[in-house]
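**Q** Sequence below, structure please.
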Amino acid sequence: MRSNEIKKGVVRAPNRCLIYATGISSSQMGKPFIGIASSYSDLVPGHIGMRDIERHAERGIAAGGGVPFVFGLPAICDGIAMGHAGMHYSLASRELIADSIECVARAHCLDGLILLTNCDKITPGMLMAVARLNIPAIVVTAGPMYTGTYQNKRRSLVRDTFEAVGRFQAGKMSESELTGLEMAACPGAGSCQGLYTANTMACLTEAMGMSLPGCATALAVSANKRRIAYDSGVSVVELVRKNIPARRIMTLNAFKNAIVVDMALGGSSNTILHLPAIANEAGIELPLELFDKISRTTPHITLLEPAGDHFMEDLDRAGGIGAVLSALKTRLVPSITVGGGNIIEIAKQGVILDKDVIRAHKPYHKEGGIAILSGNLAPDGCVVKQAAVKENMKVFTGRARVFDSEEEAMKAIMDKKIKKGDVIIIRYEGPKGGPGMREMLSPTSALQGMGLSDSVALITDGRFSGGTRGPCIGHVSPEAAVGGPIAALRDGDVITIDIPARKLNVRLTQTDIQMRLSKWTAPQPKIKTGYLSRYAKLVTSANTGAIVK
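**A** Numbers count the residues shown, from 1 in each chain. Below is the predicted model of the structure:
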């Protein structure tokens, strides 16, 4: 056991003394030490119920013959951080989470880990950590939130509050209706109800084999979630005894399976940042081309919000990720899981209980949910959630309206200065330029609520929330802050988006672009002190997963 480093031998008497000070008995000293990396927080709705899940994980670890130790990690709610300076910290917190787990697990020689997580950057940060540490670990995602109810309709965060801002601004909603939605759309604990980044990453974690079956969709307040936490505690001790570290699970095959499920679900475009970053820690390269190759041949079989009207609770009722895997079993490759079974075996056991929610027989689209585009505006690639784009907007030509920050663009939208046929450009919001690559849910939701999503496109070197829908192109690489072509754009430039052809181009020659960039000077950093200033100096491009080197 790794923990023997601090438990065995005469010279470790002082170490044992401090361990005894935590309250454990001598009979426990010979058992595996299992950390519960908990991101519990009173600030984050997806995490407020974790104290209860911690208890059940502790019980499972003890029942399995281990000793549980809970330690805390930071958590940021992207919805609360959205639309202001707080969003700079969201993606950057992924690296802090990974580094924090590394520090605690290495310093205390933990034998294994339960990773208790839920929201957007916390899950990938934790997976990055265990891929780096390569010790036995199981992820327990705290689960989705139930939908709310208002005026006898099911409600959720994005469509019923973020998009309501635009509807209110357009005079389509009263102030009392807006207030009613605020109170009703999010009824309690859990990750936001649609297939946004948090829930997408939970689904991919299960598909990768790093969570027990059923974990991704089991709702936050359910007894089933408690049972999964308990069983995960038992199972992680077994992984320690069998010496099955994380990289035995997180193989190239596991990542390929996760991408297949991602494309079939129509998941958040943020997975194109997170999966490569996790794989990098495991010593595996996931180029953008692999995502697009898999998307080209994987049918899109669920239509959850924001693309459709189903929610995570519907996916759970329809059979969860096991049912999705069953529809994809001929496309999966063998990979072991933390529960001991092979993903192919789990897929064969899955049953689709609602064929409208999981449409294996009649896919919503013949291709997967995400497309990778390139062209003279994004030589190193960019990302679009094509499953959430209407057919009439998959090929679109318009004139650029260029903004150097999200705030500038949002002001123009709210002041009704954006017109049909515009292509909104939001630049200097990439990993370095942001810094932190802010999500653009506020402007995209406002456009949706104002009825402009079928006539206006948005392109950014920043990124989008998993709740974004419409022709929104993100992760444009290279970003403006390092002199990418997006930095050369001017108002009125003609831009063509062609999702079926995977192209994003501006009607300029390469000579035109180079001439403009020859007169360009890099802007001063937006943030010059603290963590984000250090992050901006070390972070790489979006097409590499915005990893820190």
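**Q** I figured Leu315 hits Thr302, correct?
**A** Yes. Using C-beta atoms under 8 Å, Leu315 is in contact with Thr302, at 6.6 Å. C-beta: built from backbone N, CA, C; applies to glycine.
**Q** got a list of what the residue nearest in space to the middle of the chain touches?
**A** Relative to the mean C-alpha position of the chain, the nearest C-alpha, by C-alpha atoms, centre = their mean, is the one of Thr197, at 3.6 Å. Going by C-beta atoms under 8 Å, 6 or more residues apart in numbering, Thr197 touches Asp78, Asp120, Ser268, Asn270, Thr271, Ser465, Gly466.
**Q** Between Leu315 and Thr302, which contacts overlap?
**A** Residues touching both Leu315 and Thr302 (C-beta under 8 Å, 6+ apart): Leu195, Val324, Val357, Ile358.
**Q** What's the separation between the first one and Asn243?
**A** Using C-beta to C-beta, to the nearest Å, one obtains 36 Å as the distance from Leu195 to Asn243.
**Q** Please say which of those two ends up with more neighbours.
**A** Between Leu195 and Asn243, Leu195 has the larger neighbour count (other C-beta atoms under 10 Å), namely 31 against 11.
**Q** For the closest residue in space to that one that isn't next to it in sequence, give the beta-bridge partners.
**A** Spatial nearest neighbour of Leu195, chain neighbours left out: Leu304 (3.9 Å); criterion: C-beta to C-beta, 6 or more residues apart in numbering. Bridge pairing for Leu304 (DSSP bridges) gives the partners His310.
**Q** count of neighbours near His88?
**A** Using other C-beta under 10 Å, His88 has 22 neighbouring residues.
**Q** Please read the previous query as pertaining to Ile527.
**A** For Ile527, the count of nearby residues is 16 (other C-beta under 10 Å).
**Q** ok, and it, which helix or strand is that part of?
**A** Counting by DSSP states H and E, no helix or strand carries Ile527.
**Q** what's near enough to touch it?
**A** Contacts of Ile527 by C-beta under 8 Å, 6+ apart are His88, Pro435, Ser533, Ala536.
**Q** can you check Gly466 too?
**A** Applying C-beta under 8 Å, 6+ apart, the residues near Gly466 are 120, 194-200, 267-270, 306.
**Q** And Glu406, by the same measure?
**A** Taking C-beta under 8 Å, 6+ apart, we find Glu406 in contact with Gly83, Ile426, Glu429, Arg438, Met440, Ser442, Pro443, Gly462.
**Q** Try it again at 10 Å.
**A** Listed by C-beta atoms under 10 Å, 6 or more residues apart in numbering, the contact set of Glu406 reads 82-84, 87, 426, 428-429, 434, 438-443, 460, 462.
**Q** how close does it sit to Gly492?
**A** Taking C-beta to C-beta as the measure, Glu406 falls 21 Å from Gly492.
**Q** ok, now Lys153?
**A** 42 Å.
**Q** go on, His310?
**A** Distance, His310 to Gly492, by C-beta to C-beta: 41 Å.
**Q** Between those two, point out the one with more neighbours.
**A** When His310 and Gly492 are compared for neighbours, His310 comes out ahead with 21 against 9, by other C-beta under 10 Å.
**Q** could you pull out the helices for the stretch 51-200 of the chain?
**A** With helices called from DSSP state H, counting those that start in this stretch, the stretch 51-200 of the chain shows them at 78-81, 88-107, 122-133, 157, 163-169, 175-184, 197-208.
**Q** Kindly report the same for the stretch 201-350 of the chain.
**A** 223-242, 246-249, 252-265, 271-281, 288-297, 312-317, 320-327, 343-349.
**Q** okay, the ones you listed in CSV with mean pLDDT and mean neighbour count next?
**A** Shown next, in CSV, are those (pLDDT from 0 to 100; neighbours: other C-beta atoms under 10 Å):
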stretch, mean pLDDT, mean neighbour count
helix 223-242, 98, 22
helix 246-249, 98, 21
helix 252-265, 98, 25
helix 271-281, 97, 25
helix 288-297, 96, 18
helix 312-317, 98, 22
helix 320-327, 98, 24
helix 343-349, 97, 18
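**Q** what kind of secondary structure is Asn505 in?
**A** Following DSSP: H, G, I helix; E, B strand; the rest coil, Asn505 is assigned to strand.
**Q** for stretch 73-83, which positions count as buried?
**A** Leu73, Pro74, Ala75, Ile76, Cys77, Asp78, Gly79, Ala81, Met82, Gly83 (16 or more other C-beta atoms under 10 Å).
**Q** The third one contacts Met50, correct?
**A** Yes. Ala75 is within contact range of Met50, at 9.1 Å (criterion: C-beta atoms under 10 Å).
**Q** any residues in contact with both of those two?
**A** Jointly contacting Ala75 and Met50 under the rule C-beta under 10 Å, 6+ apart are Ser38, Ser39, Tyr40, Ser41, Val44, Thr117, Asn118.
**Q** Most neighbours among those, which one?
**A** Neighbour count (other C-beta under 10 Å) singles out Asn118 as the most crowded of these, with 33 neighbours.
**Q** Near His108, how many other residues are there?
**A** Neighbours around His108, by other C-beta under 10 Å: 17.
**Q** Show the pLDDT at it.
**A** pLDDT recorded at His108 is 98.
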